[in-house]
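>>> I'd like to go over a predicted model; first the sequence, then the structure.
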Amino acid sequence: MSGLAAVLFDMDGTLVDTEVLWWRTTEQVAEGLGHELTAADAPEVVGRAVADTAAHLVRVSGRADPHEVAAALTADFFRRVEAGAPMRPGAQRLLTALEAQGVPFALVSASPRLVVDSVVGGSLAHVPFAFTLSADDTARTKPHPDPYRTAAARLGAAAQDCVAVEDSPDGAASAEAAGCGVLVVPSLLPVPTSPVRTFAQSLDEVTAEVLRGCLAGVPRQARQAPWTSQASCPPHAP
């Protein structure tokens, strides 16, 4: 097994407590469309990109334009995040430990750039990410592999030598499809198991050694040179 090249962190529900804010945002927009959000909607809301959730609300309500719904979701979520997005338990301790050990880490989010910049400029302003990726920075976002493949490539590493830390089914699927080792700390939705997924109840349980252990399940035959994205991915640093 190769060493741990980098750690790629999801944002919402993983490093910061924003999944509940996103649910409340979707609940409010859905209500305006005459749809009452329930647990049945959760797989189309939690961990999903804005466009995916907007498309779902248009389908279930039979009303509005998906672009208008997406704009409403983004604006309301941004307003809530600007009011404060506390870090998840154990997040600061883990980030500090990785920095002390010289393990690079980046942020890989399915939220729009507007929201990512708000969080990175707020509760995560002190965190020395190598860079941040938002849903706007790749042609396809989670659950597709593009975000994690792009992040690994920007770090000059093979995806299979990186560990993604995720909280949702779509995020875990994205990281696994990219070839990363996957550490799952579920938040609002249960995440299916797989041979390359390691589970923890909280980031309080996670150390650099735990993250290195997450690479053990990644198939060696999948290891390859860093993937280069054909999508636009402008450099960004907080």
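Everything's here; your move. Numbers count the residues shown, from 1 in each chain.
>>> by contact count, what packs against the longest helix anywhere in the chain?
Ranked by number of residues, the top helix in the chain under DSSP state H is helix 66-82. Of the remaining helices and strands, those touching helix 66-82 by 3 or more C-beta pairs under 8 Å, 6 or more residues apart in numbering; DSSP states H and E are helix 19-32, helix 50-61, helix 113-120. In this view, the C-beta of every residue, glycine as well, is placed from N, C-alpha and C.
>>> how about JSON lines for these, with mean neighbour count and mean pLDDT added?
Output for the helices and strands packed on helix 66-82, formatted as JSON lines (neighbours: other C-beta atoms under 10 Å; pLDDT from 0 to 100):
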{"stretch": "helix 19-32", "mean neighbour count": "19", "mean pLDDT": "92"}
{"stretch": "helix 50-61", "mean neighbour count": "20", "mean pLDDT": "93"}
{"stretch": "helix 113-120", "mean neighbour count": "22", "mean pLDDT": "95"}
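>>> need these in TSV with distance to A177, can you?
What follows is the helices and strands packed on helix 66-82, written out as TSV (distance: least, C-beta to C-beta, whole Å):
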stretch	distance to A177
helix 19-32	22
helix 50-61	16
helix 113-120	21
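>>> what about the protein, any weak spots by pLDDT?
Applying pLDDT under 70 to the chain flags residues 1-2, 220-238.
>>> one step back: then the longest helix of the chain to PDB, C-alphas only?
Output of helix 66-82 as PDB, limited to C-alpha atoms (Å, rounded to 0.1, in the frame of the first residue of the first chain):
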ATOM      1  CA  PRO A  66     -35.600  24.500 -12.700                       C
ATOM      2  CA  HIS A  67     -33.300  27.500 -13.200                       C
ATOM      3  CA  GLU A  68     -35.500  29.700 -11.100                       C
ATOM      4  CA  VAL A  69     -35.800  27.100  -8.400                       C
ATOM      5  CA  ALA A  70     -32.000  26.600  -8.400                       C
ATOM      6  CA  ALA A  71     -31.500  30.300  -8.000                       C
ATOM      7  CA  ALA A  72     -33.900  30.500  -5.100                       C
ATOM      8  CA  LEU A  73     -32.200  27.500  -3.400                       C
ATOM      9  CA  THR A  74     -28.800  29.100  -3.800                       C
ATOM     10  CA  ALA A  75     -29.800  32.500  -2.500                       C
ATOM     11  CA  ASP A  76     -31.600  31.100   0.600                       C
ATOM     12  CA  PHE A  77     -28.800  28.600   1.400                       C
ATOM     13  CA  PHE A  78     -26.200  31.400   1.100                       C
ATOM     14  CA  ARG A  79     -28.200  33.600   3.400                       C
ATOM     15  CA  ARG A  80     -28.300  30.800   6.100                       C
ATOM     16  CA  VAL A  81     -24.700  29.900   5.700                       C
ATOM     17  CA  GLU A  82     -23.600  33.600   6.000                       C
END
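>>> what's in contact with that helix?
18, 21-22, 24-26, 28-29, 32-33, 50-51, 53-55, 57-58, 111-112, 114-115, 118-119, 122 (C-beta atoms under 8 Å, 6 or more residues apart in numbering).
>>> hang on, the earlier thing: closest one to E176 among the helices and strands packed on helix 66-82?
Taking C-beta to C-beta, helix 50-61 is the member of the helices and strands packed on helix 66-82 nearest to E176, at 18.4 Å.
>>> got a list of contacts for the closest one?
Against helix 50-61 from outside (C-beta under 8 Å, 6+ apart): 26, 29-30, 33-35, 41, 44-45, 48, 64-67, 69-70, 73-74, 77, 111-112, 135.
>>> go with 7 Å
Residues outside helix 50-61 that contact it (C-beta atoms under 7 Å, 6 or more residues apart in numbering): 26, 29-30, 33-35, 41, 44-45, 64, 66, 69-70, 73-74, 112, 135.
>>> thank you, goodbye.
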